[in-house]
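Undergrad: here are the coordinates; sequence isn't available:
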């Protein structure tokens, strides 16, 4: 009795979606932590492929050679404002509204920690549905991805500059 050749592996029908990182960066002058000389700091807000937002900043002092890096957390308010001024805000747009706002409110709770019983949660949900929710591109893309994962057709779009 002869052995039959092994069957080839079954073709995989699994599709993998690779999600790209989304970043916005700013450069600003700040004192060197070691010598106090003014140096350029480079900050980047990134939406990582795994769905986390991250703020990183680094600098190298031309005066003393000291290097500085800080990773994680949220951008300081003035840096977020600087990113919005430099790049313009991005708007969250719901292309096909869900039958109820409950799904949006659940995503807001999971993503932003919003208390669903609060008036602010209902107001924020209304802003999302009305297209009046904006932020940096990484922030709005995070909400758009989580809404899409919940079955809501949402996109983050750069708001065109006036003029």
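TA: Sure thing, it's come through. Nothing here was measured: the structure is a model prediction, and the numbers come from that model.

Undergrad: where along the protein do the strands fall?
TA: Applying DSSP state E to the chain gives strands spanning 22-31, 38-47, 53-60, 67-71, 90-96, 133-135, 153-158.

Undergrad: So which of those is the most surrounded?
TA: strand 133-135 (a mean of 21; mean count of other CB atoms under 10 Å). Where you see a C-beta, it was placed from the backbone N, CA and C, and this is true even at glycine.

Undergrad: now for that strand, which elements pack on it?
TA: Contacting strand 133-135 under the criterion 3 or more CB pairs under 8 Å, 6 or more residues apart in numbering; DSSP states H and E are the following elements: strand 90-96, helix 137-149.

Undergrad: Point out the one among those that comes closest to residue 110.
TA: Nearest to residue 110, of all the helices and strands packed on strand 133-135, is helix 137-149, at 7.0 Å by CB to CB.

Undergrad: in terms of contact count, name the helices or strands touching the closest one.
TA: strand 22-31, strand 38-47, strand 53-60, strand 90-96, helix 102-112, strand 133-135, strand 153-158.

Undergrad: Lowest average pLDDT across the ones you listed?
TA: For these, mean pLDDT drops lowest on helix 102-112, to a mean of 88.

Undergrad: Kindly report the domain assignment for the chain.
TA: As assigned by automatic domain parsing, the chain contains the domains 22-87, 90-158.
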